[in-house]
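Student: Turn this into a structure:
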Amino acid sequence: MAGSIGYAERLSWRDDVGGTLGTPEFQEADDAELQRKIDTLAELIRESRAESGGMVVHTGAGISTSIGIPDFRGPNGVWTAQKRGAPMPEATCTLGTAVPSLTHMALVELRERGYVRYLVSCNVDCLHLRSGFPREDLAELHGNCFAERCERCDAEYVRDFEMQTVGFEYTGRTCDACAEKKRKRESGARRSSRASASRCAAARLRDQVLDWDDALPPEELRRAEKHSKETCLSLVLGSSLQIAPSCDIPLETVKKKKGKKGKLVIVNLQATPKDGKASLLVRARTDVVMAGVMRRLGLRVPEYVRRDRVTVGFRLAAIPEPNGDVSRTLTVRAGSSHGWDNPVPWLERVSVKICGEGDHLDQIASIELLDAQTRARIPQRYDALNDGRYEDRRGRSYEPAFDGNDDREHEPNGDGGPSGPFFEGRLEALNASSFDALLERKKTRVRVELTFAAGVMIRHAEFWTDIGPWSGGVRDLGDHSLIATTQRTHSVITSRRRYEDPVPALRQPQRKKENNPAP
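Tutor: Numbering: from 1, shown residues only. Take a look at the predicted model:
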């Protein structure tokens, strides 16, 4: 399931999720009144920078609804639908392909200009980090669906794929930082299998998403409370303020300190239990309000830059067959920059073109790489290149890894092909001269063509890379068996999005009139 729906389904089931659900949404009936409130908010933000080094912003699911991620407690929210037994709301994007909203990007610029001193979020969609907001100035009180943390050294890893667990479960991956420290301590000494297993057990990673009964991260909670006490302005954006203790943190600002108290502003379509504490209530979508704030402060909403990282590996092999022939192949694999075991949900299709040079490869060879589902569905012939162990001329067993690192070789799937979420394809039946040309050439030009999943800002991209020389990784196994260990290349594909100033779609006044406190 996509977005907030998938996250909700991974949580432990609860009939009662607390608070109220499905309360009516209101929008300012008068555009002049809305503009006046935005004027007031912009002035309060200016004062906060001068008086307390900037405001503290508290964000909820409402800042992500404009990009197609459903909220939880709105009239069409996830928890609301669950309570009613109604179909889940439709998400128009996944968390992996979601683009930060105008509000996300405005907060990045406001922080850069000194108007925001700290950001407290109850969202788990990773969009604040993806937007470029600094991690050290951000408290993710309910966690992050894309993050995992080392249980030993506390190092955090933010991925480009969602964790499939919640509640601080093990993810199956281990900590690179701990592994590097161990390698340095051993000064290049060969690790024993016992030492390696010990490292893995001691440096496992856990997901960073809270389940219902999990405590909030203590250090981030402490910083959120500290900054909220010290600032003269707390701004709540798109939150119904119903889940404790995070809903009480903005109130730290309005408590009296040395005879003075700060101000609380709430921008939300629904009424909240904390409305009575607010100096200003704005019933409008957060993108509309923040666009107006940026205009009044003379700031531009920065463009969003998305960077997708892909790894491509190549391997040559010549293996004797029982009939006396030699099978010569070039295998190409494309996958996650975090390792072959990890998914690339934003990638839909990969093809590779080998560009010929010289006398032997004077034509372009094209290889269509198959994803994991296609490889499992279509039986293919995979020989020992992918799933077997070789014996060298001394009878010693040797299993080739796909690259020169310590990545685990994948077990074959039911059809004999390699399992794993990567894309893979092979150029088979190379003749001896073509094989030797690839092996001996200093470099061969390769064009990698990518098709991105629906929802990603760009649909197609390509990049050029080189393979070769292979000499450092060639291993002769005897009896005409030869493996040229894989070479890998990494590429970053960049796409950009600019933000237009939204036009507020004001509706007619609701029959039920709200009594908003005056600013």
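Student: mind giving me the domain split of the protein?
Tutor: Using automatic domain parsing, the domain ranges for the chain come out as 27-68+96-142+210-302, 306-497.
Student: Highest mean neighbour count out of these?
Tutor: Of all these, domain 27-68+96-142+210-302 carries the top mean neighbour count, a mean of 20, counting by mean count of other CB atoms under 10 Å. Where C-beta positions appear, they are placed from N, C-alpha and C, glycine not excepted.
Student: That one: end-to-end distance?
Tutor: With CA to CA, to the nearest Å as the measure, domain 27-68+96-142+210-302 spans 27 Å from end to end.
Student: Which of the domains of the chain has the lowest mean pLDDT?
Tutor: Comparing mean pLDDT across these, the weakest is domain 306-497, with a mean of 74.
Student: What is the end-to-end distance of that domain?
Tutor: Using CA to CA, the end-to-end distance of domain 306-497 comes out at 8 Å.
Student: Same question for stretch 161-180.
Tutor: 23 Å.
Student: Give me the phi and psi for L316.
Tutor: Backbone torsions of L316, given as degrees, to the nearest 10, read phi -100, psi 140.
Student: With adjacent residues omitted, what lies nearest to it?
Tutor: Spatial nearest neighbour of L316, chain neighbours left out: A484 (3.8 Å); criterion: CB to CB, 6 or more residues apart in numbering.
Student: If the one you found is in a bridge, with which residues?
Tutor: L316, V474 (DSSP bridges).
Student: Find the residue at the geometric middle of this protein.
Tutor: Most central in the chain under CA atoms, centre = their mean is D160, positioned 3.4 Å from the mean C-alpha point.
Student: Surely that residue touches R307?
Tutor: No - the pair D160 / R307 is not scored as a contact, 9.1 Å apart, by CB atoms under 8 Å.
Student: What is the neighbour count of M88?
Tutor: 17 (other CB atoms under 10 Å).
Student: Ok, G74 next?
Tutor: When neighbours are counted by other CB under 10 Å, G74 comes out with 25.
Student: can you give me the helices for the stretch 301-450 of the chain?
Tutor: 372-377, 384-387, 432-440 (DSSP state H, counting those that start in this stretch).
Student: closest to R183 out of the ones you listed?
Tutor: helix 384-387 (28.2 Å; CB to CB).
Student: hmm, back to that, present the helices of the stretch 301-450 of the chain as CSV; the columns should include distance to P134.
Tutor: Listed next are the helices of the stretch 301-450 of the chain as CSV, based on distance: least, CB to CB, whole Å:
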stretch, distance to P134
helix 372-377, 35
helix 384-387, 43
helix 432-440, 46
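Student: Quick one: closest of these to L205.
Tutor: helix 372-377 (22.0 Å).
Student: what's the closest one packed up against?
Tutor: Helices and strands touching helix 372-377, by 3 or more CB pairs under 8 Å, 6 or more residues apart in numbering; DSSP states H and E: there are none.
Student: Identify the residues contacting the lengthiest helix in the chain?
Tutor: Longest helix in the chain, counting residues (DSSP state H): helix 31-52. When contacts are defined by CB atoms under 8 Å, 6 or more residues apart in numbering, helix 31-52 is touched by residues 28, 54-55, 110, 114-115, 117, 230-233, 235, 262-263, 265, 267, 279-280, 282, 284, 288-289, 292-293, 296-297, 504, 506, 519.
Student: neighbouring contacts of the helix or strand just after it?
Tutor: Downstream of helix 31-52, the first helix or strand assigned by DSSP states H and E is strand 55-59. The contact list for strand 55-59 (CB under 8 Å, 6+ apart) reads 44-45, 48-49, 103, 107, 115-123, 128, 224, 227-228, 231-239, 246, 249-250, 253.
Student: give me that answer again for 7 Å
Tutor: 45, 48, 107, 115-121, 123, 227-228, 231, 233-239, 249-250, 253 (CB atoms under 7 Å, 6 or more residues apart in numbering).
Student: ditto for stretch 261-271
Tutor: 23, 25-27, 41, 44, 62, 74, 231-240, 250, 253-255, 272, 274-275, 277-284, 286, 289, 514.
Student: ok, back up a step: now go through the contacts of strand 55-59 and say which are in helices.
Tutor: Among the contacts of strand 55-59, DSSP H puts I45, S48, L107, H227, S228 in helices.
Student: for these, which one is nearest E368?
Tutor: L107 (42.3 Å).
Student: And that closest one, how far from L127?
Tutor: As defined by CB to CB, to the nearest Å, L107 lies at a distance of 10 Å from L127.
Student: ditto for E252
Tutor: Distance from E252 to L127, by CB to CB: 25 Å.
Student: same check, this time on D436
Tutor: 51 Å.
Student: Could you do G339 as well?
Tutor: 24 Å.
Student: Next: W470.
Tutor: 43 Å.
Student: so of the contacts of strand 55-59, which ones are in strands?
Tutor: V116, R117, Y118, L119, V120, S121, L233, S234, L235, V236, L237 (DSSP state E).
Student: now, the most widely separated pair of those?
Tutor: S121 and L233 (17.1 Å).
Student: Quickly list what the closest residue in space to S337 that isn't next to it in sequence is bridged to.
Tutor: In space, S337 comes closest to R309 once its chain neighbours are excluded; the distance is 3.8 Å by CB to CB, 6+ apart. For R309, the beta-bridge partners under DSSP bridges are V492.
Student: list the contacts for R309?
Tutor: S337, H490, V492.
Student: at 8 Å what do you get?
Tutor: R309 neighbours (CB under 8 Å, 6+ apart): D160, S336, S337, H490, S491, V492, I493.
Student: Next: R296.
Tutor: I38, D39, A42.
Student: go with 6 Å
Tutor: A42 (CB atoms under 6 Å, 6 or more residues apart in numbering).
Student: likewise T97?
Tutor: Contacts for T97 (CB under 6 Å, 6+ apart) come out as W346, G455, V456.
Student: Need these in TSV (columns: distance to D207).
Tutor: Output for these, formatted as TSV (distance: CB to CB, whole Å):
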residue	distance to D207
W346	20
G455	23
V456	24
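Student: And those residues, which is closest to C93?
Tutor: Closest to C93, out of all of those and judged by CB to CB, is G455, at 4.6 Å.
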